[in-house]
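**Q** Here's a sequence, model it:
(one chain, ligands or ions: 1)
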Amino acid sequence: MKQWMIGVDIGGTKIAVSLGNRKGKLLGKKVFSAEGGKKRRESMRRIRLAIADLLSVNQLTSRQVLGIGVAVPGAIDSQRSMILKSPNLPSWEHFSIAPVLKRVFHVPVFVENDANAAALGERYFGSGRGVGNFLYVTVSTGIGSGIVANGELLRGEGGSAGEIGHMTIVPNGIHCDCGKRGCLEAYASGTAIGKAVQRAIRKGAKPAYFKKMRLSNITGQTVTEAARAGDQLAIQARQKAADFLGIGLANVINLLNPRCLILGGGVMEHVEHFWEPMMKAVRREAWPMAFRNCKVLRSRLGNNVGDLGALALVLEGEK
Ligand SMILES: [Zn+2]
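**A** As a prediction, this is how the structure comes out:
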C-alpha cells in the first residue's frame, strides 16, 4: 500500500513542503519564503525541487506516494484545482496548481483553502478524530474556520463557508481589510489587537512598555509580550479582543451545535489574559442547550497544523 504523502502549505509569507505518512508522522519538511506571493514561478520551482529533494533524501520515488495536498490562503474553485481569490498571494490568482504538479510527479493532487485543510488535519490527526460536528478556528493575523458537519467538510455553495472572520460583530464598526465594517477579524485577530493598542496610544495613552517602540511595530505579538510583562493597556486590549471572539464563537455554537471548537493560530499560543475572558463571553452569549454539548479546545497540532492539514487533503481525496 502506498504509505507516503506530500503536503504543500502555501502561506502569505512562507511555503512549507512536508513528507508524512498516513498516521500524520512527518518525515521531513522544507520551508522557504513565499516572496510576498509576487513570484509565483519561482515559488513553483522551489516547491517542485523541495518535493523531489524530500523524496530522494528518504530514498522514495513518487510511485510510493499516495498524492500531494496543497493548502492555500484563499478561495478555491469548485473543482478544487484553481486559486480564485487570494489577497495575500495576488500572482497565484486564477492559477491551476494541480495540473502542474500532476504532470511532474504523476500522482493525484488536491487543492483546498487553508482553514478547511486545517479542519481536515484535526479530523484525521488531531482532536477532531471521530467527531462528526466540529469547527477548527484559526485566530492569527486574520480569523478563519473550517467546518466539519455530519462528518463532511462544509464548503457551501461557492466554497466560502466558514468565513467567520467576516461576520459582523459591531454595526458600522472598524474597517476590515475585506472592505466591510465591523467584522470579527477587525476586533479579535492578532492584527486587530496590535491596532487597538496603536489607536489607544494615538489617543494619548502612554504605556511605559511601548515607550520606545514605533507605532507600526506594535503587533499582536508585541502586545502579547507586553501583557505577559504586566502592561495594563496590553492586557485590556487582549481581554477586549477575547470578549469579541467569545461572542463570535457563541454565534457559531448557536448556529451549528458542534461537539467541539478547536482553536489554533498565533493568538492561541499564549492564552493568558485571553482564554478566560473569551470563555466568559461564550458562556454569556451561547444558547445553553447548544453550549452544554460543546467543548472549546486548543489545537494540539501546534505549528504542524498547516502541514498536517495539507497531508489530510490526500486522505480526504482518496476517500
Ligand atoms: Zn471583513
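**Q** Tell me the residues of the stretch 51-200 of the chain that contact the ion?
**A** For the stretch 51-200 of the chain, the residues in contact with the ion (Cβ under 5 Å from the ion) are 166, 176, 178, 180, 183. Backbone N, C-alpha and C define where each C-beta goes, glycine included.
**Q** Which residue ranges of this structure form strands?
**A** 4-10, 14-21, 26-33, 65-72, 75-76, 82-85, 95-96, 109-113, 134-139, 143-149, 152-153, 260-264, 295-298 (DSSP state E).
**Q** Give the partner strands of the second one in its sheet and their orientations.
**A** What that stands for is strand 14-21. If you go by DSSP bridges, strand 14-21 pairs up with strand 4-10 (antiparallel), strand 26-33 (antiparallel).
**Q** buried set for the longest one?
**A** Along strand 26-33, the positions that meet the burial threshold by neighbour count (16 or more other Cβ atoms under 10 Å) are 29, 30.
**Q** Can you give the contact residues for that strand?
**A** Under the criterion Cβ atoms under 8 Å, 6 or more residues apart in numbering, residues 4, 13-21, 46, 50, 53-54, 57-58, 304, 307-308 lie in contact with strand 26-33.
**Q** and those residues, which are buried?
**A** Buried among the contacts of strand 26-33 by 16+ other Cβ under 10 Å: 4, 15-20, 46, 50, 54, 304, 307-308.
**Q** wait, which of these is closest to residue 157?
**A** residue 308 (27.7 Å; Cβ to Cβ).
**Q** just checking, that closest one touches residue 22?
**A** No - if you go by Cβ atoms under 8 Å, residue 308 and residue 22 don't touch, sitting 11.6 Å apart.
**Q** about what we covered before: looking at the strands of the chain, which is nearest to residue 121?
**A** strand 134-139 (7.7 Å).
**Q** now the residues of the stretch 51-200 of the chain next to the ion: which count as buried?
**A** By 16+ other Cβ under 10 Å, those give 166, 176, 183 as buried.
**Q** need those residues in TSV with pLDDT and distance to residue 118, can you?
**A** Formatted as TSV, those follow (pLDDT from 0 to 100; distance: Cβ to Cβ, whole Å):
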residue	pLDDT	distance to residue 118
166	95	18
176	94	21
183	97	20
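**Q** Out of those, the closest to residue 213 would be?
**A** Nearest to residue 213 among those, with distances taken as Cβ to Cβ, is residue 176, at 24.8 Å.
**Q** Of the strands of the chain, which stretch is the most buried?
**A** strand 134-139 (a mean of 28; mean count of other Cβ atoms under 10 Å).
**Q** about what we covered before: okay, the buried ones among the contacts of strand 26-33 in JSON lines with pLDDT next?
**A** Shown next, in JSON lines, are the buried ones among the contacts of strand 26-33 (pLDDT from 0 to 100):
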{"residue": "4", "pLDDT": "96"}
{"residue": "15", "pLDDT": "94"}
{"residue": "16", "pLDDT": "97"}
{"residue": "17", "pLDDT": "98"}
{"residue": "18", "pLDDT": "98"}
{"residue": "19", "pLDDT": "98"}
{"residue": "20", "pLDDT": "97"}
{"residue": "46", "pLDDT": "94"}
{"residue": "50", "pLDDT": "97"}
{"residue": "54", "pLDDT": "97"}
{"residue": "304", "pLDDT": "93"}
{"residue": "307", "pLDDT": "97"}
{"residue": "308", "pLDDT": "98"}
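**Q** Fine, thanks again, bye for now.
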